[in-house]
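1. Turn this into a structure:
(2 chains)
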Protein chains: 2
Amino acid sequence: MPQPRVSFITLGVADLDRARRFYEAWGWEPAEASQDVVFFQANGMVISLFGLAALADDQGRPGASLGTGAMTLAQNYLTEAQVDEVYAAALAAGATSLKAPEKVFWGGYSGYVADPDGHVWELAMNPFSPPGPDGSVVLPGADAEG
Amino acid sequence: MPQPRVSFITLGVADLDRARRFYEAWGWEPAEASQDVVFFQANGMVISLFGLAALADDQGRPGASLGTGAMTLAQNYLTEAQVDEVYAAALAAGATSLKAPEKVFWGGYSGYVADPDGHVWELAMNPFSPPGPDGSVVLPGADAEG
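-> Down below sits the predicted model:
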């Protein structure tokens, strides 16, 4: 099994503009942003802002009221086979499947599980954000020096 | 302002033994553990398991019912002055203070804020887990090769 890792932290937000203004006011500069999502480069990983409804959809539970603390912790891998391996190991360990790994519209492969306390992990092969040797993710738009 | 970073992710859990068994069964090996907390080394950061009640206490809201998704995202800095700077910038940006930075029993200096959606950030100077140049944290007990 690969080492524990977190590649993206996605914060579900009620108002993306408000959230982006907050983090920009706090001194964070987006590395990438659109009307739907904002990405910040962090230490070998990425922090995302994403609408609560969109996050619920992405987690495989459309219409769910995620509330405060709604969040996805994503683990990115190089291959679909690695995603499948880690997903199967999660279920074997007692995780609840929210969405079996499948090819997704943005060009990757992704599944979701919840741990026994309901913490949500996304397991993904994302050709646009492959992990480096230590599991770290670096966005194309990020300052290479951090 | 320093780059965005996440140094620790603390998952609030209802039953620490159950949570530890789950993550160990998933293939994670604790780098450090006690009866109260379990630490896993991840990519330049640390994932912790911590009791829900203890997490509520640590976040400055004893007795709070954190529920599913309860989580702290911690940013570690080298000095108390850096913690104060980032804390002040958070409040100036519209964060809610949960606990002003103060010296804490474990030998560090720590404060808590909540972002507009209630996501909780700890800002800490932790002499036992100082960040490296890119903000990454490496536990003494972790395999140096990851």
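2. so where is chain A shaky, pLDDT-wise?
-> A:1-3, A:61, A:66-71, A:139-146 (pLDDT under 70).
3. show me where chain A has strands.
-> Remark: strands assigned in chain A by DSSP state E are A:8-13, A:32-33, A:37-42, A:45-51, A:71-77, A:96-103, A:109-114, A:120-125.
4. next one: the first one to chain centre, how far?
-> Here the centre of mass of C-alpha atoms in strand A:8-13, compared against the chain's by CA atoms, centre = their mean, to the nearest Å, lies 7 Å away.
5. relative to strand A:71-77, how tilted is the lengthiest helix in chain A?
-> When chain A is parsed with DSSP state H, its longest helix is helix A:80-93. With axes from the mean of the first three to the mean of the last three CA atoms, to 10 degrees applied, the angle from helix A:80-93 to strand A:71-77 works out at 130 degrees.
6. could you give the angle of helix A:80-93 to strand A:96-103?
-> Using the same axes, to 10 degrees: helix A:80-93 against strand A:96-103 is 170 degrees.
7. list the buried ones in helix A:80-93?
-> Neighbour counts over helix A:80-93 (16 or more other CB atoms under 10 Å in any protein chain shown) mark A:Glu80, A:Gln82, A:Val83, A:Asp84, A:Glu85, A:Val86, A:Tyr87, A:Ala89, A:Ala90, A:Ala93 as buried. Bear in mind the C-beta positions are built from the backbone N, C-alpha and C, glycine included.
8. That one near chain B at all?
-> Yes - using CB under 8 Å from any CB of the partner chain, a contact is recorded between helix A:80-93 and chain B, made by A:Val86, A:Ala89, A:Ala90, A:Ala92, A:Ala93.
9. quick one: A:Thr72 and chain B, what's the gap?
-> The gap separating A:Thr72 from chain B is 10 Å, by CB to the nearest CB, to the nearest Å.
10. Let me fix that, I meant to ask about A:Ala54.
-> 14 Å.
11. Would you confirm that that residue contacts A:Gln35?
-> No - using CB atoms under 8 Å, A:Ala54 is not in contact with A:Gln35; the gap is 11.1 Å.
12. Thanks a lot, catch you later.
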